[in-house]
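Q: predicted coordinates and the sequence they were generated for:
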Amino acid sequence: MGRRLTGVRLPTSQAGIGVGLGFVAYTLWGLFPLYFHLLSDVSPVEVVANRVVWSLVFLVILTSITRTWAKTLSAARSRRTVGRLALAAGLLAVNWGVYVWAVATDQVIEASLGYFINPLVSVGLGVVVLRERLRSGQWAAVAIAGLAVIVLTVSYGRPPWISLILAFTFGTYGLIKKQVGVGSVESLTIETATLAPLALAIMAWFAVTNDSAMTSGGFSTDLLLILLGPVTALPLLAFGGAANRIPLSTLGLLQYLTPVFQFLLGVFVFGEAMSPTRWIGFLLVWISLVVMTVDGLRHSRNRADALEVIEPD
């Protein structure tokens, strides 16, 4: 006879905390359109510049309070790491800029589509960059998603560029971060530090040309811009706490909260139009995600069963 070992399980309380933190992170990201809509009169370029600078300020304060400078400085000593994180920072800046512009121009629904298809883009990047092999369920999901993009292209009269740019920049950003393997706070600190000189130059240019929202937008605008620091960092910290407490499969399911909230805000709060063809396109995307999620859960279950070890008495 033998005793079956299925690995170490986290205490139920820790798992519950992890789910709660994941829900907080993805909900906050999903509600971002409400915040950025308040800054719709500010140039997206200036918004992104302020987001970079105030995020760095917040992260410096946080790192000082938690006394984790050693980890950040250790990562910053590697030129290879800094180079990769600088590339990731560039992708993140493009992602932020397109997203802020999409909210300011009442295209929240198309922005939400980008985060719906992001998991599918990540799968595609795994095939192209990491030479991963797709299972039949993943191939089906990608095929359905491709059909959805065609349908949405017909609906919009153009490819859904906002969605595609958001999905590919964030998907590639995630791939680089995974390869670098640096903690979320440390990596974001380095990323914002590499962008800070350009961001400060942009803010200075807006100030010199008298177009700066910080000097002419009033106290409320100034406060909203400064709070971009904690608004950016807090969901990331919650996400990091969740990732350390719950399985990736659970975290993967929670990630759909973000585009769902964004989609609902676009339809019911901002009143953006959804034609029948557009509904069909989104329905195909959702079907694709269901197929991929079911396939992923089945694969994880089979893999867990295969890894079970029989320990002799």
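A: The structure has been received and is ready for your questions. Residues are numbered from 1 along each chain as shown.
Q: sort out which residues of the longest helix that the chain contains are buried, please.
A: What stands out as the longest helix in the chain, according to DSSP state H, is helix 276-306. Neighbour counts over helix 276-306 (16 or more other CB atoms under 10 Å) mark 278, 280-282, 284-289, 291-293, 295-296 as buried. For every residue, glycine as well, the C-beta is placed using N, CA and C.
Q: how about stretch 191-203?
A: 191-196, 199, 202-203.
Q: what about it, average pLDDT?
A: The predicted model assigns stretch 191-203 a mean pLDDT of 96.
Q: next, the contact list for the closest residue to residue 71 other than its chain neighbours, please.
A: Leaving aside its sequence neighbours, residue 71 sits nearest to residue 186 (CB to CB, 6 or more residues apart in numbering; 5.1 Å). Neighbouring residues of residue 186 by CB atoms under 8 Å, 6 or more residues apart in numbering: 68, 71-72, 75.
Q: CA atoms only: put the helix or strand where residue 17 lies into PDB for me.
A: In this assignment (DSSP states H and E), residue 17 forms part of helix 12-30. Taking Å, rounded to 0.1, in the frame of the first residue of the first chain, the C-alpha atoms of helix 12-30 are listed here in PDB:
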ATOM      1  CA  THR A  12      -7.700  27.900   3.000                       C
ATOM      2  CA  SER A  13      -7.400  31.300   4.600                       C
ATOM      3  CA  GLN A  14      -4.400  32.100   2.300                       C
ATOM      4  CA  ALA A  15      -6.300  31.000  -0.700                       C
ATOM      5  CA  GLY A  16      -9.200  33.100   0.200                       C
ATOM      6  CA  ILE A  17      -6.900  36.100   0.700                       C
ATOM      7  CA  GLY A  18      -5.400  35.400  -2.700                       C
ATOM      8  CA  VAL A  19      -8.800  35.300  -4.500                       C
ATOM      9  CA  GLY A  20      -9.800  38.500  -2.700                       C
ATOM     10  CA  LEU A  21      -6.600  40.300  -3.800                       C
ATOM     11  CA  GLY A  22      -7.000  39.000  -7.300                       C
ATOM     12  CA  PHE A  23     -10.500  40.300  -7.400                       C
ATOM     13  CA  VAL A  24      -9.400  43.700  -6.100                       C
ATOM     14  CA  ALA A  25      -6.600  43.900  -8.700                       C
ATOM     15  CA  TYR A  26      -8.700  43.000 -11.800                       C
ATOM     16  CA  THR A  27     -11.700  45.000 -10.600                       C
ATOM     17  CA  LEU A  28      -9.600  48.100 -10.200                       C
ATOM     18  CA  TRP A  29      -8.100  47.600 -13.700                       C
ATOM     19  CA  GLY A  30     -11.600  47.100 -15.000                       C
END
